[in-house]
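*Asks:* my questions concern the predicted model and sequence given below.
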Amino acid sequence: MSDKIPTVNHDDCIGCQACVGACPVGLFEMKNDKSHFIAARKDECVHCESCIAACPVTAISMQ
């Protein structure tokens, strides 16, 4: 299992919610300013990388 966790590039995120729908454990939440998402519960990540595949602007990477 990887030690890497999904990280959202806030400059690239368009707030489309694709990562929210793709994540099987509900990892992502809207940031307070409602402009982008964050991986809020990183300790629950199952490292499936569905969020990366779903993001239309490649704003998510495993770091």
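*Replies:* That came through fine. Residues are numbered from 1 along each chain as shown.
*Asks:* going by C-alpha atoms from here, please, whenever you check contacts or count neighbours.
*Replies:* OK.
*Asks:* after the lowest-mean-pLDDT helix or strand in the chain, next one along is what?
*Replies:* When the helices and strands of the chain are scored by mean pLDDT, DSSP states H and E, strand 37-39 comes last with a mean of 79. Downstream of strand 37-39, the next assigned helix or strand under DSSP states H and E is helix 50-54.
*Asks:* average pLDDT for that following helix?
*Replies:* Average pLDDT, helix 50-54: 97.
*Asks:* going C-terminal from it, what's the next secondary structure element?
*Replies:* With secondary structure assigned by DSSP H and E, helix 50-54 is succeeded by strand 60-62.
*Asks:* in its sheet, what does that following strand sit against?
*Replies:* Strand pairing for strand 60-62, using DSSP bridges, gives strand 6-8 (antiparallel).
*Asks:* what lies in contact with the least confident helix or strand of the chain?
*Replies:* Applying Cα atoms under 8 Å, 6 or more residues apart in numbering, the contact partners of strand 37-39 are 6, 7, 8, 10, 13, 15, 17, 27, 28, 29, 30, 31.
*Asks:* pull out the buried residues from the residues you listed.
*Replies:* Buried members of the contacts of strand 37-39, scored by 16 or more other Cα atoms under 10 Å, are 6, 7, 8, 13, 15, 17, 27, 28, 29.
*Asks:* list just the nearest of these to residue 45.
*Replies:* Distance to residue 45, by Cα to Cα, is smallest for residue 27 among the buried ones among the contacts of strand 37-39, at 6.8 Å.
*Asks:* quick check: the closest one touching residue 20?
*Replies:* Yes - the criterion here is Cα atoms under 8 Å, and residue 27 meets it with residue 20 at 7.3 Å.
*Asks:* coming back round to it: closest to residue 47 among the contacts of strand 37-39?
*Replies:* residue 6 (8.1 Å).
*Asks:* any stretches of this structure with poor pLDDT?
*Replies:* 1, 34 (pLDDT under 70).
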